[in-house]
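Trainee: How does the following fold in three dimensions:
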Amino acid sequence: MRIGYARVSTQEQDNSMQISMLKKSGCCQVFQETMSADCLNRPRLTCLIDQLGPGDVLVVWKLDRLSRSLKDLLILLEKIRLVGAEFESLTETINTTTPAGRMMMQIVGSFAEFEHAMLCERTIIGLRVARNKGRIGGRRPKLNLEQKKEALEMISLGKKKAVNVAKFFDVHPSTISRLLNKSKNLISEN
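Mentor: Now for the predicted structure:
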């Protein structure tokens, strides 16, 4: 049985063209979803995959309707394969029911692994270069050095409470708490 999956990201988008193409290709049932492809929990897709059995074919109009990430796409395709079903993308003419289609997906998988390895390598090199330039990763501090001194002074002189200092500098109270803890640790070390 051919089962279609049509997805749009927002309510404003229309999936009627996808549904029409899926039905034209022989899908007797079409699961529809309005959700970003980046979202890992797509209930209608999960329900569709759970219903697949040996000999069934999950059909999409275009690969990006199933997934935007090659890694996630390969995970989904493996789930489909494990239940004995196949996959077809109408636009990219990928069809795992044929030997050529299976080979194409293996090539795509190889490129995905290569791309991931290259990304990891570039990230490591970029972090090394940044560290050599004196930069460290993470979020930028909410308060600059002058603001930190001023906040500590306000609290230590009893002018304001930590909560009020946080409001004054428009930061979360935990930012001021961490600043106070760091300053206490520095004082106790000296």
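Trainee: Buried residues in the top helix by length along the chain, which are they?
Mentor: In terms of residue count, the longest helix belonging to the chain (DSSP state H) is helix 99-132. Buried residues in helix 99-132, counted by 16 or more other CB atoms under 10 Å: Gly101, Arg102, Met104, Met105, Val108, Gly109. Bear in mind the C-beta positions are built from the backbone N, C-alpha and C, glycine included.
Trainee: where's the first one relative to Tyr5, distance?
Mentor: The span separating Gly101 from Tyr5 equals 17 Å under the rule CB to CB, to the nearest Å.
Trainee: Domain-wise, how is the protein divided?
Mentor: 2-97, 145-189 (automatic domain parsing).
Trainee: Show the low-confidence segments of the chain, by residue range.
Mentor: Low-confidence segments of the chain (pLDDT under 70): 38, 109, 112, 186-190.
Trainee: The residue of it most remote from its centre and Arg178, how far apart?
Mentor: Largest separation from the mean C-alpha position in the chain: Leu157, at 46.7 Å (CA atoms, centre = their mean). Distance from Leu157 to Arg178, counting by CB to CB: 20 Å.
Trainee: Likewise for His116?
Mentor: For His116, the distance to Arg178 - CB to CB - is 35 Å.
Trainee: The residue lying closest to Thr34 once chain neighbours are set aside - how many residues pack around it?
Mentor: Ranked by CB to CB, 6 or more residues apart in numbering and with sequence neighbours excluded, the top spatial neighbour of Thr34 is Val8, at 5.5 Å. Residues within reach of Val8, counting by other CB atoms under 10 Å, total 18.
Trainee: Pretty sure Val8 sits against Ile19.
Mentor: No - the criterion here is CB atoms under 8 Å, and Val8 misses it with Ile19 at 10.5 Å.
Trainee: Trp61 contacts Leu22, doesn't it?
Mentor: Yes - counting by CB under 8 Å, Trp61 touches Leu22, with 6.2 Å between them.
Trainee: Which one of these two is surrounded by more residues?
Mentor: Leu22 (26 against 23).
Trainee: what's the more buried one in contact with, if anything?
Mentor: Gly4, Tyr5, Ala6, Val30, Val59, Val60, Trp61, Leu90 (CB atoms under 8 Å, 6 or more residues apart in numbering).
Trainee: so how far is Arg42 from Arg7?
Mentor: Arg7 is 8 Å from Arg42, by CB to CB.
Trainee: hey, what's in contact with both of those two?
Mentor: Shared contacts of Arg7 and Arg42 (CB under 8 Å, 6+ apart): Glu33, Met35.
Trainee: So which of the two has more stuff around it?
Mentor: Arg7 (24 against 21).
Trainee: With that, I have no additional questions.
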